[in-house]
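Trainee: Need coordinates for the below:
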Amino acid sequence: MAENPMSAAAAAVIDRCEIQPSLESAAAEITLPLLHFDITWLYFHPVQRLLFYDFPCSKPLFLETIVPQLKQSLSQTLNHFLPLAGNIVHPLNSGGRPFSRFSVGDSVSLTVAVCDKDFNHLTGNHARVSDEFYACVPHLPPPKHSSSDDDVVLPVLALQITLFPDHGVCLGFTNHHAIADASSIVRFIRAWASVNKFGGEIDEKSRPYYDRTAVEDPKGLDSIYWNLIKRSRAVESPPISFPLNRSRRTFILTKDDVQKLKNFALQKRPEMNATSFTVACALVWVCLVKAEAAAAEAAVADDEPEFFCFAADCRGRLNAPLPAAYFGNCLAFVKAESKHGLLKGDGGFVIAAECTGEAIQKRVYGEKGILFGAENWPLEFGKLIGKRLFGVAGSPRFDLYDVDYGWGRPKKFESASIDGDTSMSLCKSRDFEGGLEIGLSRSEKILNAFSAIFIQELGKL
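Mentor: Residues are numbered from 1 along each chain as shown. Next comes the predicted model:
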């Protein structure tokens, strides 16, 4: 995404630098092919995460101690995450497929900035203007064409450290989705935090696993996906433009709320597999459908299809299971479908939970395996462009609220990239054991309607 002057106006950039892995003995070049799991995300918008830490810190302490320590620990951490310091090489004219490559001298872009915005305002749960957060969001360096003009070289990671003087620090992460999914990126974030806090080396169990030959591809999905996707659109993501005309709010479901949702769903459908994920997503999906109808921003027919799409981790579910530390993307697509009129009706929550649960059961636990029909996924999901589509970014499995760089737990996590689509963010609650935290970015009118309906729906339980 191109940097916009409006987004950076409230952050004074102190330093822009490139951080290389520290080991002189690192391999001269490491190349990993992009598999069908990765190729799927080649033209997806960058993924942006923000971690805010309540860490009162003066500017001198920040620049003289905190930043140098973060740079050093980042360099050490990259020794084990070399693909994040490298690039994706995207062929333009040759018949080859894209691949990830790290060469000696490659690095990660790091921005150091100071922000004068209200730290407590940004880290609240109330409505905040989405544009405000981009003072802390790093931008991937622009793609470069090779000297022969046969390839485009795409940087895959950018980082930013932003000081709110005497209030806190924000760490910003922007990555190209084709290099890795949330499981791998969160593993990197945790590893960096551990090295920064404790020093020393990353423990063995935290190190990524890179063996691409461990991923079986009997149906030739790598070639199928590349042949389909390479014709679909331009290599570079379009720049984000401001103002976004969106607000973001955070909504909390306590453990008690989640249990009540499960009980209500099971009371109506005893055979349902009512997980925390299923009922939470169903509630948000239905509340959004009702909020959009209440806001009357567009008339929608009752028979209009409504889709809820999300990704499920495949690592442990393949015929030859992969270790949890496998680095890259390893996700299956799950699609739930209903009708607008059904979801906005009185029984909408149960219907949404039921069709979400059935979609998970069919895709993730189906007898024919999690990749059954995967050769059709690009075309199947391509048909959803322009449709009424809801998604989810993140998972309660990835607890970013326990990522400690030496300053304690984060005060707030924000998924900035949900501004670019119709997804919600989902993670464990910081303050409520067993609870969930939901982030939404929508127009102020829809968010206001959603908030009222969300409270109303919970009150019915």
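
Trainee: What about Asp54, how many residues nearby?
Mentor: Residues within reach of Asp54, counting by other CB atoms under 10 Å, total 17. Just so you know, the C-beta spots here come from the backbone N, C-alpha and C atoms, and that holds for glycine as well.

Trainee: and it, what does it touch?
Mentor: Applying CB atoms under 8 Å, 6 or more residues apart in numbering to Asp54 gives the contacts 119, 123, 167-168, 407-408, 411.

Trainee: rerun at 10 Å
Mentor: Contact analysis of Asp54 by CB atoms under 10 Å, 6 or more residues apart in numbering lists 119-120, 123, 164, 167-169, 407-412.

Trainee: where along this structure do the helices fall?
Mentor: Along the chain, the segments classed as helices by DSSP state H run 5-8, 36-39, 59-61, 67-78, 82-85, 119-122, 182-198, 221-229, 255-268, 276-295, 340-343, 348-364, 377-382, 444-459.

Trainee: Show me what the fourth one is packed against.
Mentor: Counting contacts by 3 or more CB pairs under 10 Å, 6 or more residues apart in numbering; DSSP states H and E, helix 67-78 packs against strand 11-19, helix 82-85, strand 108-115, strand 157-164, strand 168-175, helix 182-198.

Trainee: and that helix with strand 157-164, angle?
Mentor: Helix 67-78 runs at 160 degrees relative to strand 157-164, counting by axes from the mean of the first three to the mean of the last three CA atoms, to 10 degrees.

Trainee: okay, the angle between helix 67-78 and strand 108-115?
Mentor: Using the same axes, to 10 degrees: helix 67-78 against strand 108-115 is 150 degrees.

Trainee: roughly how far is helix 67-78 from the heart of the chain?
Mentor: 23 Å (CA atoms, centre = their mean, to the nearest Å).

Trainee: next one: the longest one
Mentor: Between the centre of helix 276-295 and the centre of its host chain there is 20 Å, according to CA atoms, centre = their mean.

Trainee: now swap in the third one and tell me
Mentor: Between the mean C-alpha point of helix 59-61 and the mean C-alpha point of its chain there is a distance of 31 Å (CA atoms, centre = their mean).

Trainee: before we move on, what about the second one?
Mentor: Taking the mean of its C-alpha atoms, helix 36-39 sits 16 Å from the chain's own mean (CA atoms, centre = their mean).

Trainee: That one packs against which elements?
Mentor: Looks like helix 36-39 contacts helix 221-229, strand 331-339, helix 377-382 (3+ CB pairs under 10 Å, 6+ apart).

Trainee: before we move on, back to that, so which of the helices of the chain gets nearest Gly435?
Mentor: In terms of CB to CB, the element of the helices of the chain nearest to Gly435 is helix 255-268, at 5.3 Å.

Trainee: for the protein, what helix or strand is lowest in average pLDDT?
Mentor: Lowest by mean pLDDT, DSSP states H and E among the helices and strands of the chain is helix 5-8, with a mean of 41.

Trainee: before we move on, the earlier item: of all the helices of the chain, which lies closest to Pro238?
Mentor: Using CB to CB as the measure, helix 5-8 is the one of those that comes nearest Pro238, at 15.1 Å.

Trainee: quick one on the thing from earlier: quick one: which of the helices and strands packed on helix 67-78 is nearest Pro56?
Mentor: When the helices and strands packed on helix 67-78 are compared by CB to CB, strand 168-175 sits nearest Pro56, at 7.1 Å.

Trainee: which regions of this structure sit below the pLDDT cut-off?
Mentor: Where the chain drops to pLDDT under 70, the residues are 1-10, 24-27, 94, 147, 232-237, 297-298.

Trainee: Just to check, Pro83 is in contact with Arg101?
Mentor: Yes - with contact defined as CB atoms under 10 Å, Pro83 counts as touching Arg101 (8.3 Å).

Trainee: What's the separation between the residue nearest to Val129 when sequence neighbours are not counted and Ile446?
Mentor: Counting by CB to CB, 6 or more residues apart in numbering, the nearest residue to Val129 once its immediate chain neighbours are dropped is Ser247, at 6.0 Å. For Ser247, the distance to Ile446 (CB to CB, to the nearest Å) stands at 9 Å.

Trainee: same thing with Leu51?
Mentor: Leu51 sits at a distance of 27 Å from Ile446 (criterion: CB to CB).

Trainee: which of those two has more neighbours?
Mentor: Using other CB under 10 Å as the criterion, Leu51 and Ile446 rank with Leu51 on top: 22 against 19.
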